[in-house]
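Enquirer: fold the following and give me the result.
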Amino acid sequence: MNITEYTVEKIQDPTGILSGDRYEFFLNLEEDEDDELFENGAVQLKVLFFVDETEMKVLNYDFYNSSQDKYLEFALEDDELQEVSVFCSSHYKEA
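Expert: Numbers count the residues shown, from 1 in each chain. Sure, this is the predicted structure:
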């Protein structure tokens, strides 16, 4: 998996109920033409990333096809999820 572009935004908790911070990432992915997800650059990965004093982790993610305006029913493999987690932990401070 190759992340070609991304955006990151810190999600504000107006209630103050949630612990830690949450960040929303949109990752543009370069897919292999043989991959089921291949859609000519239209597939993004939307990631909800959690950070507090003791841990950082991916809370949730969804594949999104922007050309068809719909979410896709695919899951990341364990090594891909780890790669996304490392990427998010390296870039969340940019929000």
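Enquirer: in its sheet, what does the helix or strand bottoming out on mean pLDDT in the chain sit against?
Expert: When each helix and strand of the chain is scored by mean pLDDT, DSSP states H and E, strand 70-72 comes last, with a mean of 89. Strands adjacent to strand 70-72 in the sheet, as given by DSSP bridges, are strand 56-65 (antiparallel).
Enquirer: circling back: now the helix or strand following the least confident helix or strand of the chain, how far from the centre of its chain.
Expert: Sequence-wise, the next helix or strand downstream of strand 70-72 (DSSP states H and E) is helix 78-91. Centre-to-centre, helix 78-91 and its host chain are 9 Å apart (Cα atoms, centre = their mean, to the nearest Å).
Enquirer: ok but Tyr23 is inside a strand, no?
Expert: Yes: under DSSP: H, G, I helix; E, B strand; the rest coil, Tyr23 falls within a strand.
Enquirer: how about the contacts made by it?
Expert: Val8, Glu9, Lys10, Ile11, Leu48, Phe49, Val51, Cys88, Tyr92, Ala95 (Cβ atoms under 8 Å, 6 or more residues apart in numbering). Where C-beta positions appear, they are placed from N, C-alpha and C, glycine not excepted.
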